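Student: I'd like to go over a predicted model; first the sequence, then the structure.
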There are 4 protein chains.
Amino acid sequence: MILHIDKNTDPKKLQQLADKYEAIILKNRDFDILITPSSLKKIEDSDQKYVDESFVFDTDIQLASRKYFNGKRSIKIGNKYIGGDSSNVLIAIGPCSVESEEQITQTAELLKRIGLNTLRAGSFKPRTSPYTFQGLGLEGLKLLDNIRRKYGFTIITEVRDSTHADEVIEYADIIQIGAKSMYDHGILRKCAKTLKPVLLKRGFGTTVQEFVQAAEFILSGGNPNVILCERGIRTFETKTRFTLDLCSAAYLKENTNLPVILDPSHAMGYAYGVPDLARACMAMGVEGLLIEVHPNPSVALSDASQQLNHEQFTDLFESLKIIAKAINRTII
Amino acid sequence: MILHIDKNTDPKKLQQLADKYEAIILKNRDFDILITPSSLKKIEDSDQKYVDESFVFDTDIQLASRKYFNGKRSIKIGNKYIGGDSSNVLIAIGPCSVESEEQITQTAELLKRIGLNTLRAGSFKPRTSPYTFQGLGLEGLKLLDNIRRKYGFTIITEVRDSTHADEVIEYADIIQIGAKSMYDHGILRKCAKTLKPVLLKRGFGTTVQEFVQAAEFILSGGNPNVILCERGIRTFETKTRFTLDLCSAAYLKENTNLPVILDPSHAMGYAYGVPDLARACMAMGVEGLLIEVHPNPSVALSDASQQLNHEQFTDLFESLKIIAKAINRTII
Amino acid sequence: MILHIDKNTDPKKLQQLADKYEAIILKNRDFDILITPSSLKKIEDSDQKYVDESFVFDTDIQLASRKYFNGKRSIKIGNKYIGGDSSNVLIAIGPCSVESEEQITQTAELLKRIGLNTLRAGSFKPRTSPYTFQGLGLEGLKLLDNIRRKYGFTIITEVRDSTHADEVIEYADIIQIGAKSMYDHGILRKCAKTLKPVLLKRGFGTTVQEFVQAAEFILSGGNPNVILCERGIRTFETKTRFTLDLCSAAYLKENTNLPVILDPSHAMGYAYGVPDLARACMAMGVEGLLIEVHPNPSVALSDASQQLNHEQFTDLFESLKIIAKAINRTII
Amino acid sequence: MILHIDKNTDPKKLQQLADKYEAIILKNRDFDILITPSSLKKIEDSDQKYVDESFVFDTDIQLASRKYFNGKRSIKIGNKYIGGDSSNVLIAIGPCSVESEEQITQTAELLKRIGLNTLRAGSFKPRTSPYTFQGLGLEGLKLLDNIRRKYGFTIITEVRDSTHADEVIEYADIIQIGAKSMYDHGILRKCAKTLKPVLLKRGFGTTVQEFVQAAEFILSGGNPNVILCERGIRTFETKTRFTLDLCSAAYLKENTNLPVILDPSHAMGYAYGVPDLARACMAMGVEGLLIEVHPNPSVALSDASQQLNHEQFTDLFESLKIIAKAINRTII
């Protein structure tokens, strides 16, 4: 249950109620919020007087549920918004990994040329082998910081594990939690303590139920700015790297109040399929797309096969603008 | 290997070559075709003189491969075409099952009103339980036949197993092989003996490799008119009925010469998600969509939850036209 | 619901009840059985007088459910039994495909030497490519028939599709329905009309719910002798051919009254892992094992990598006897 | 490649070689080890003089590969060993979570009574919802420490994320890395800096390739004592919690030099199936089993449905002893 508690309630009483109902306390401007396990369907009559409004749920998807807030949260990206009443669609592009100043500057110039403002690139890479490129780490964050200062872009970059979460939270404008880190309580709890937007990627073996519950860790910890990102799940099919799960995206759109962003690049794993999938994603009417773009994919230090080169992306971008216009969305 | 054999070759020699290389013989107008297992990469030098052209493959996807014919097969639907140089997109709609004359007539009237010409409905239903509605069988085929005569529509209907394959092949304009029947050699071989288009649905546990190999049974048996239909695969996610695999659709578009049709209704399993998915499918640039539409889904005898009602479909159809126009496709 | 109808009930009334409750009629020695959709939980009071006993179910697993018969069905294999009160474990071995008289005779001699009596081999092979060995068909059935006459073995062989189901039902002692044919109504309904045991393999993309419902087609059609066979499901893991699902086997043991047989060979796909898995299967306490054995796997025309040679099987068999003894089971 | 470098090589040269071949340096008693990406198949001729022995690999499974060490690593558990030449099978039991001193003492008494020495229990629980019991944290580690002092047991407990990894490494005898944390570089790198055995659980969406590569992070960082634990993967089947993947266990046994432990409790998710699966696991011939046991599962704060009570486990233990004896293994 979510209980909105009258602001005039004695703090001791608030704590008492939280203890009694095993609830998390979430401070809000106009009222305090208690969030109990969803198994609770009713509080005692004698406690009703402290409660302004209450909400009952079938599962532990509570703050993110349309049953709690039947709209789409509005989240500020740079000086614009996605979600809410906006028709904006964020297109964030960039290489899998920051590799060098030259590479990331080339990317920045591409964004500038075509009029995009959000650059994504990883610096702490969650590689599955210890024997491959692990990312530039803090040095990469600093390269991204320089790009931000020079171009004014919004920077999305990924936190891999709790040991460097503080640095990523400091340097990123939007903190990406990757598919392999999605269950990491250390990261989730740290991201709950900032107000920066968090781009939470679905684990490739994760149900949407678990996925949104991971968002609840951040939301219930105090950060309302969570964006969900579907990036492909692992299935029996091996001709493509993962399987982009647009059915689940439709579920998330219908049932949660969180903006949804789609990542066709990681799902497909091969550049040839990315444009078709990106157009499909755009036509679904989501809040954004992540697309991997690299100045020269053939020499990329990670995910070489799936990154578009600048020409390929420029072509794709033209067709995305046409579809966006047809469905009355504005690319930002 | 595919070997194009000179038309003047002695039939005995042709058979001799087929035996020697364990090949299937496929008669063609201008030449005969031998199709060997793909493990064969080279024939004997002394046999080269019978061969006009030869093609080598990595896998048993041969006739359907872009390495054999680097284009999209053109297939006649009614008096129009999909594939080939056409920009046509087929939208085929109708109820999961033919239930009554009244129901199927209402559907036909919807098609007529909005200007579509292809009606799909099942009569031999591959239900997973013996205790539910099994379809009207031959009686349903006759109802569909009446609709065809009255409205001039193209009829797509499904063959469930070999015992009634002949009837379905006789009554249907396009023969649908359902997901659960996709491996059925009896059906595949019978469909190879007609020239009517075959809409082959991917099994929900089937890799694209196996899927296209099933098409090879039909193609190598003499029917060149195969359309592939992706309709969702089975994954760990249970909030939706299946997972529509658009990554595989992108693979099929890139690597095969067969038209591709998408079925968002079965994939999603819930009407609320079908419009968003249908728009995504349209934007991908495939040759067609199957969408389940029922005059009154709440009383449908099968797949009640996923069928759109006529008003919902009419709304969806308007948005599909807008996207089709934006990407220069023509709905038929 | 399952309703046991008093034997003295007027046949017209029986039919009337069946129509009213959309039930299948199953004739039995002592009473007639009506099987309605499981959504029916209660019949009208006025009809209670025809009913001796009634059973309510959550799902369409009804005749196979422990809630209907809380034991294990006893099924005659040759002159012995599995299931019921027996502690017998059937070990059925043989090559993937009958390839020649010599090959199948060598297999028969192996069985004779080690004291087994059940030979399995396929003759109509459900291959996924048209360009590979498709089995010997009817000729193979005749070779198996000769083996039966000469050695007195019980023969298990597979029906691939409805077009040759009658022949397989005639020649086999135990009719195997393969994983790819599991949904084939044509086969299921034909197998319901014999009393020969049916070994129903689980589709690799099939839930246990659907799997047991396929058995219900046979059971409700009149053949009570169904054996379930788990043979591996398709998952994201590709180092092995399939994933043997012993958790589901545990579910089937607990919740159904049908004997369960396990097939580690198809699940693993590689001979090296079959002995360990076979020992695991034996220790689970199921009614049988299928193991692929070939005189010379390296030249096998199908499934070469997963078949044990005779020496490997002989070694494995010794260890299976030890485990069987430890858990008080008797190998037949 | 793995390169054994002559101990007399100049440290500068060693570093130079590491830089040149992008290798990790692993210090050993008798020689130094360089581990390069597996894509390297050959070093320059002029560098051969520094190399005593070299090993080439198909994939980044290198230190864990049977191609490097063709045996099973021996790992000390308490004062005994698993792996190596030993026939020992470790049975580690305990509740999902430490809940109280009373609960964990009851568990300890059970171990003592039946003669087991390894207790497993979690204190930092990787729950998927923020609104359920999250474990006792450090307090739970201290309760486990008390049990160790009092009973002399070996304690297995889980690290959830990097923020508390140091505490768990300090308190645990065997550090468990859970399925959801398996990709966590922070944890993997910290576990590489201790010599305590690490029980690495396979992620439920993780291929065996990735799983063993996660072990390579620990091995290449300096800790040779890694035990692999298969605990069920996520598949389309929902009647059981996960699908225990014994095919992959057979792969790991054949292809890696790391001991393998199986966890039937998490895979099944329901107590009724655990005994059958545990017997199957024992018969496979692995190095150990984890089984969840709780004094009173019905009131457990996590995983209530899958834990055996003490009586159920005691019965199971008797049958495990019989199977272990039959296959010449010794339970520790």
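Tutor: That came through fine.
Student: what's the burial count for residue A:204?
Tutor: Residues near residue A:204, counting by other CB atoms under 10 Å in any protein chain shown, number 24. For the C-beta atoms, the positions are set from N, CA and C on the backbone; glycine is no exception.
Student: pLDDT score for it?
Tutor: pLDDT recorded at residue A:204 is 97.
Student: next: residue A:209.
Tutor: pLDDT recorded at residue A:209 is 98.
Student: secondary structure element holding it?
Tutor: Residue A:209 belongs to helix A:208-220 when assigned by DSSP states H and E.
Student: hmm, that helix touching chain D?
Tutor: Yes. Counting by CB under 8 Å from any CB of the partner chain, chain D is contacted by helix A:208-220 at A:209, A:210, A:213, A:214, A:216, A:217, A:220.
Student: the fourth one and chain C, how far apart?
Tutor: In other words, residue A:214. In this view, residue A:214 and chain C are 21 Å apart by CB to the nearest CB, to the nearest Å.
Student: what's the answer for the last one, then?
Tutor: The gap separating residue A:220 from chain C is 31 Å, by CB to the nearest CB.
Student: that residue and residue A:214 touch, don't they?
Tutor: No. Using CB atoms under 8 Å, residue A:220 and residue A:214 do not qualify as a contacting pair, with a distance of 11.1 Å.
Student: residue A:312: neighbour count?
Tutor: 17.
Student: for it, what is the enclosing helix or strand?
Tutor: Assigned by DSSP H and E, residue A:312 falls in helix A:310-326.
Student: starting at the chain centroid, how far to the helix or strand just after that helix?
Tutor: Per DSSP H and E, helix A:310-326 leads on to strand A:330-331 as the next helix or strand towards the C-terminus. Centroid separation for strand A:330-331 versus its chain: 18 Å, with CA atoms, centre = their mean, to the nearest Å.
Student: one step back: just the angle for the helix holding residue A:312 relative to helix B:310-326, thanks.
Tutor: Interaxial angle, helix A:310-326 versus helix B:310-326 (axes from the mean of the first three to the mean of the last three CA atoms, to 10 degrees): 140 degrees.
Student: pull the residues that contact helix A:310-326.
Tutor: Contacting residues not belonging to helix A:310-326 are listed as A:89, A:91, A:93, A:106, A:110, A:114, A:271, A:274-275, A:278-279, A:282-283, A:289, A:291, A:293, A:295, A:308, A:330-331, B:283, B:322-323, B:325-327 [CB atoms under 8 Å, 6 or more residues apart in numbering or on different chains].
Student: average pLDDT for it?
Tutor: pLDDT averaged over helix A:310-326 gives 97.
Student: what's the helix holding residue A:209 packed up against?
Tutor: In terms of contacts (3 or more CB pairs under 8 Å, 6 or more residues apart in numbering or on different chains; DSSP states H and E), helix A:208-220 is packed against helix A:185-191, strand A:198-201, strand A:226-230, helix A:246-255.
Student: name the helices or strands packed onto the first one?
Tutor: In this structure, helix A:185-191 packs against helix A:165-171, strand A:174-177, helix A:208-220, with contacts taken as 3+ CB pairs under 8 Å, 6+ apart.
Student: off-centre distance for the last one?
Tutor: The chain centre lies 11 Å from the centre of helix A:208-220; the measure is CA atoms, centre = their mean.
Student: what of the first one?
Tutor: Relative to the chain's own centre, helix A:165-171 is displaced by 16 Å; criterion: CA atoms, centre = their mean.
Student: report whether it contacts chain D.
Tutor: No. Between helix A:165-171 and chain D, judged by CB under 8 Å from any CB, nothing touches; the nearest distance is 8.6 Å.
Student: with just CA atoms, put that helix into CSV.
Tutor: Written as CSV, here are the backbone C-alpha positions of helix A:165-171 (Å, rounded to 0.1, in the frame of the first residue of the first chain):
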residue,chain,number,x,y,z
ALA,A,165,29.2,4.7,-8.3
ASP,A,166,30.0,8.0,-6.6
GLU,A,167,32.2,9.1,-9.4
VAL,A,168,29.7,8.3,-12.1
ILE,A,169,26.9,10.0,-10.2
GLU,A,170,29.1,13.1,-10.0
TYR,A,171,30.1,13.2,-13.6
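Student: from the contact counts, what lies against that helix?
Tutor: Using 3+ CB pairs under 8 Å, 6+ apart, the elements in contact with helix A:165-171 are helix A:138-151, strand A:154-159, helix A:185-191.
Student: same question, the second one
Tutor: In this structure, strand A:174-177 makes packing contacts with strand A:154-159, helix A:185-191, strand A:198-201, judged by 3+ CB pairs under 8 Å, 6+ apart.
Student: and the shortest one, what does it pack against?
Tutor: Here strand A:198-201 is seen to pack against strand A:174-177, helix A:208-220, strand A:226-230 when contacts are counted using 3+ CB pairs under 8 Å, 6+ apart.
Student: could I get those in CSV, plus columns for mean neighbour count?
Tutor: As requested, the helices and strands packed on strand A:198-201 are arranged in CSV below (neighbours: other CB atoms under 10 Å in any protein chain shown):
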stretch, mean neighbour count
strand A:174-177, 25
helix A:208-220, 24
strand A:226-230, 27
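Student: between the ones you listed, which gets nearest to residue A:33?
Tutor: Counting by CB to CB, residue A:33 lies closest to helix A:208-220 out of the helices and strands packed on strand A:198-201; the figure is 8.6 Å.
Student: tally of neighbours for residue A:66?
Tutor: 15.
Student: please tell me how far the residue in the stretch 101-250 of chain A positioned nearest to chain B sits from residue D:15.
Tutor: Ranked by CB to the nearest CB, the top residue of the stretch 101-250 of chain A for proximity to chain B is residue A:250, at 3.3 Å. Distance, residue A:250 to residue D:15, by CB to CB, to the nearest Å: 54 Å.
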